[in-house]
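Asks: below is the sequence, then the predicted model.
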Amino acid sequence: MARMVIRNVAVLLVPELGECRVDEAQDIHVQDDLIVATTPTGSQPHVGHTRGTPDGESSGAPVGHVGGVPAGETGGAPAGQAGGGPGGRARGGSGGGPAGHADGAPGGRAGGGLVEVVEGGGLLAVAGLVNSHTHSPMVMMRGAAEDLAIEDWFNRRVWPMEVNLTPGRVRVGARLACGEMLLGGVTTFVDHYFHADQIAAAAVEAGIRADLAPTYFSSTEQDVSAAFDVSRELRGVHPRITARLGPHATYTVNDDDLRRAADIARAEGFRIHLHAAETDEQTQASVDKHGVTPVQVLERTGVLDAGALIAHGCGIREADLAILERYADRTAVASCPKVYLKLAMGEVTPIKGLLEAGVSVGVGTDGAAVHNTLDVWEAIRMVALTQKQREQDAEWMSLSDTLRLATRGSAAAAGLAGRVGVLEPGYQADIALVDLSAPHNQPLHDPRAALVYSVRAADVVTVLVAGEVVVRDRELTTMDLQEVLADARSLAHTLVDLSAGGAIQHYNP
Ligand SMILES: [Zn+2]
């Protein structure tokens, strides 16, 4: 069993309700892919409990179990006590062990072996971020579709450029995206794109967690069936990969094909990830053409019943909220507000109404062809700012509300509630260690304020996914970043070349 202790970190704790807080001087104990305990630095872990957290608070998580072993059988061994002494002497510790490792617990009651120690002094541990809606390979079009309204963005740039997609180009873009996200503390991304098998391969290589929805339009029967088959194949690829069905949108996939997706989703246990009600203009167009809002389309085709992640939803109307409330236990909305500002879409996601209806809301970037970065910190900040402005209420979307949305909300949007997004025993060890010592975060009156309003992706020092260190000292451990960048630069021109003409789709909602 692989054991690790992240020693002497501050830990951000995000309860389901109420104020978030930061506990100083904690050790996070990790066994294999799971967090098994958080204890004051140097003290012994009591597996199954988190200091200061009431029992059972992390409902849904397998609290008290470690890799299938009932609590207690791991014996509360003092993981990570290099030479038995607290106080940060672990580095290069016990004789014979590799640097950064210390001999395991005395007596080997926890299975013996080495305990890797990650020194976290001066760092803040947060749950790895979740990018709850993106199209990762679109990093290849970063900066290639600027100063355009949504119609021209689709029709003059993006859909003509996507004629150039090939499996190999998607793979190169996805590798770059995975590298960018991991370096910024993003440990899960919820993707919606073509050639999703290539994105899965890149994610497995990078060591990131991914929920993938192979995307299709109602163009040809072949495309639709092939996309469903890719979703099925992705299920068995890797434990960190989950799959959904990915109809593009209510305005590019007809009701029959949405109904078919809903039927397959219910029969085979998938959920659905799609764009709907992106703007109020789209909602009005749907009402004018079909007599129903996009949310009503999702209901009548069975998509809401099957369980849906709705991207954007800025055009969700008051009457739609009552519909969504009926499916709240399986519905989530991803908000990506930088995109709404940049495309001058007029509205942002009605998060307050959605939360009141019991619908989960996550934070995403959308693709970098419009967001320009896959920096979820930037997206989190934009959510706080745009929601305060939308509600004309500076007290709304407080620091705690925002951090809850970015962690628990985004985990729910990813379909991973109870597994990621929380630093408590039983959750996956998806952890970002953030250095808040740079001038833009200092002096540090409230680390929660730094996380929402001043932190930068480059402040992330160390990242774990499923207990594996994938970023160490601000460098990827899984991929050669220079090679990833060189590949992307060498192919970038092929993606933005419009000389072939044509487009994969036309925007006319
Ligand atoms: Zn999107």
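Replies: Structure's in. What do you need?
Asks: when you work out contacts or count neighbours from here on, use the C-alpha atoms and nothing else.
Replies: Noted.
Asks: dump stretch 460-471 to PDB, keeping only the CA atoms.
Replies: The C-alpha trace of stretch 460-471 is given here as PDB (Å, rounded to 0.1, in the frame of the first residue of the first chain):
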ATOM      1  CA  VAL A 460       0.100  26.200  -7.100                       C
ATOM      2  CA  VAL A 461       3.300  24.300  -6.000                       C
ATOM      3  CA  THR A 462       2.300  20.700  -5.600                       C
ATOM      4  CA  VAL A 463      -0.600  18.700  -7.000                       C
ATOM      5  CA  LEU A 464      -1.800  15.200  -6.200                       C
ATOM      6  CA  VAL A 465      -4.400  13.200  -8.100                       C
ATOM      7  CA  ALA A 466      -5.600  10.000  -6.600                       C
ATOM      8  CA  GLY A 467      -2.600  10.100  -4.200                       C
ATOM      9  CA  GLU A 468      -0.100  10.500  -7.000                       C
ATOM     10  CA  VAL A 469       2.100  13.600  -7.100                       C
ATOM     11  CA  VAL A 470       1.600  14.900 -10.600                       C
ATOM     12  CA  VAL A 471       3.000  18.400 -10.000                       C
END
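Asks: contacts for it, please.
Replies: 4, 30-34, 128, 182-185, 187, 206-209, 428-435, 472-474, 476-478 (CA atoms under 8 Å, 6 or more residues apart in numbering).
Asks: mean confidence for that stretch?
Replies: Regarding stretch 460-471, the rounded mean pLDDT is 98.
Asks: just stretch 213-226 next, same as before
Replies: Stretch 213-226 carries an average pLDDT of 88.
Asks: in strands, which of the contacts of stretch 460-471 appear?
Replies: 4, 30-31, 34, 187, 209, 431-435, 472, 476 (DSSP state E).
Asks: for those residues, which two are the farthest from each other?
Replies: Using CA to CA, the pair of the ones in strands among the contacts of stretch 460-471 lying farthest apart is Gln31 and Asp435, separated by 24.1 Å.
Asks: how many other residues sit next to His290?
Replies: Applying other CA atoms under 10 Å, we find 11 residues neighbouring His290.
Asks: tell me the contacts of it?
Replies: His290 touches nothing, counting by CA under 8 Å, 6+ apart.
Asks: elements contacting whichever strand or helix holds Trp159?
Replies: Trp159 belongs to helix 159-161 when assigned by DSSP states H and E. On a contact count with 3 or more CA pairs under 8 Å, 6 or more residues apart in numbering; DSSP states H and E, helix 159-161 meets no helix or strand.
Asks: please state the offset of it from the chain centre?
Replies: Chain-centre distance of helix 159-161: 26 Å, with CA atoms, centre = their mean, to the nearest Å.
Asks: can you give the contact residues for that helix?
Replies: By CA under 8 Å, 6+ apart, the list of residues contacting helix 159-161 reads Phe154, Leu495, Val496, Asp497, Leu498, Gly501, Gly502, Ala503, Ile504, Gln505, His506.
Asks: if I look at the last one, how far off is Ala368?
Replies: This means His506. 20 Å (CA to CA, to the nearest Å).
Asks: look at the two and report which has more neighbours.
Replies: Neighbour count, other CA under 10 Å: between His506 and Ala368, Ala368 has more, with 24 against 14.
Asks: thought Arg240 was touching Ile208?
Replies: Yes: Arg240 is within contact range of Ile208, at 7.4 Å (criterion: CA atoms under 8 Å).
Asks: comparing the two, which residue is more hemmed in?
Replies: For Arg240 versus Ile208, neighbours defined as other CA under 10 Å are more numerous around Ile208 (27 against 18).
Asks: helix, strand or coil for the residue lying closest to Leu451 once chain neighbours are set aside?
Replies: Closest residue to Leu451 apart from its sequence neighbours, by CA to CA, 6 or more residues apart in numbering: Trp377 at 7.6 Å. Following DSSP: H, G, I helix; E, B strand; the rest coil, we place Trp377 in the helix state.
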